[in-house]
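Asker: kindly return the folded structure for what I paste below:
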Amino acid sequence: MSLTGIDIPIATLRQSLADNLWTDVANKTFYARIFRNLNNENDLIGEVFSGVVDYEEVHFNDKLNVLCFFDVGETVENIDADSQTTENVGLIFAVKLTAIYPDLDYRATEEVYRDVLNIINDTLSVTPNEIIRGLNAYGDLSTKGLVAYNMHPWHTFRINTEMKLSYDCSQDLNLDDPYPDPITN
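Answerer: Take a look at the predicted model:
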C-alpha cells in the first residue's frame, strides 16, 4: 500500500516531529490523522483507524508527556489531479511542560511553540499560520473531562497549517501500512 494526498505531508511531518522533538523526553505518542466520528453519546470525537473496521479514540492520557495528532478538515477544495492543491490541517498537542523543560520554574508555553514551529518550518510543503491555546485547540471535538489537563503542568494547543499536496498517484509515498501505528518513544 502507499499513501497519497494529504497523508503524504502528514506522514513526513509526523516522522520529523517524532525524530526531532524533545529527544530526551520519554513517553511521547504521535498519531497520524484522526477521523471525526460521533460516539454513543452523540459527541464528536477524534479517532484513529486501527484495523480493518476498528477505530480507537485519541484522547488525553496523563501517562504521556507528549501527545500529538493531526486534525484534517472535512472539505477539500480545488482538487486537480494534475497539480498541487492545499489543505488546512491542525496539529493538536497535549504536553506535560515539566517533563519537557524540567529546569524551568515557569509555564514554558512559548518554548514549546518555538520547538514545534522550528520543525514545521523545516518541513517542505507545510506552512504554519495560527496557534490556538487551551482547550479551544480541540475546536468542535468533545473536550469532556479535559478541563484539568490544561492547567500546569499540562498544556494543550493547536498549530493550524496549510499543507501542499497532490492527488497525482505517481507521487505516492510507499509505506507498508496506509494508516501507520502511532509513533511512540
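
Asker: what residues sit buried inside stretch 90-105?
Answerer: The neighbour-count check on stretch 90-105 (16 or more other CB atoms under 10 Å) flags 90-101 as buried. Where C-beta positions appear, they are placed from N, C-alpha and C, glycine not excepted.

Asker: so what touches it?
Answerer: Contact with stretch 90-105 is made by 13, 22, 25, 27, 46, 60, 64-71, 107-109, 111-112, 116, 120, 132, 137-139, 149, 152-161, as judged by CB atoms under 8 Å, 6 or more residues apart in numbering.

Asker: rerun at 7 Å
Answerer: Applying CB atoms under 7 Å, 6 or more residues apart in numbering, the contact partners of stretch 90-105 are 22, 25, 60, 65-71, 107-108, 111-112, 116, 137-138, 149, 152-161.

Asker: and of the buried residues of stretch 90-105, the nearest to V53?
Answerer: Proximity of the buried residues of stretch 90-105 to V53 (CB to CB) peaks at I92, which lies at 24.8 Å.

Asker: excluding its backbone neighbours, what's nearest that closest one?
Answerer: Closest residue in space to I92, ignoring its immediate chain neighbours: R158 at 4.9 Å, by CB to CB, 6 or more residues apart in numbering.

Asker: would you mind listing the buried residues in the strand or helix carrying that neighbour?
Answerer: R158 is part of strand 154-166 when elements are defined by DSSP states H and E. Neighbour counts over strand 154-166 (16+ other CB under 10 Å) mark 154-161, 163, 165-166 as buried.

Asker: let's see stretch 50-65 as CSV, backbone CA atoms only.
Answerer: Output of stretch 50-65 as CSV, limited to C-alpha atoms (Å, rounded to 0.1, in the frame of the first residue of the first chain):
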residue,chain,number,x,y,z
SER,A,50,-6.6,0.9,14.0
GLY,A,51,-7.6,-2.0,11.9
VAL,A,52,-10.0,-3.4,9.2
VAL,A,53,-13.1,-1.9,10.9
ASP,A,54,-11.6,-0.7,14.2
TYR,A,55,-11.2,2.9,15.4
GLU,A,56,-9.5,4.0,18.6
GLU,A,57,-10.4,7.3,20.3
VAL,A,58,-7.5,9.7,20.6
HIS,A,59,-7.8,11.5,23.9
PHE,A,60,-5.6,12.9,26.7
ASN,A,61,-3.5,10.3,28.5
ASP,A,62,-1.8,11.6,31.7
LYS,A,63,0.8,8.8,31.3
LEU,A,64,2.2,10.5,28.2
ASN,A,65,4.4,13.5,28.3
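
Asker: before I go, just wanted to say thanks for your time.
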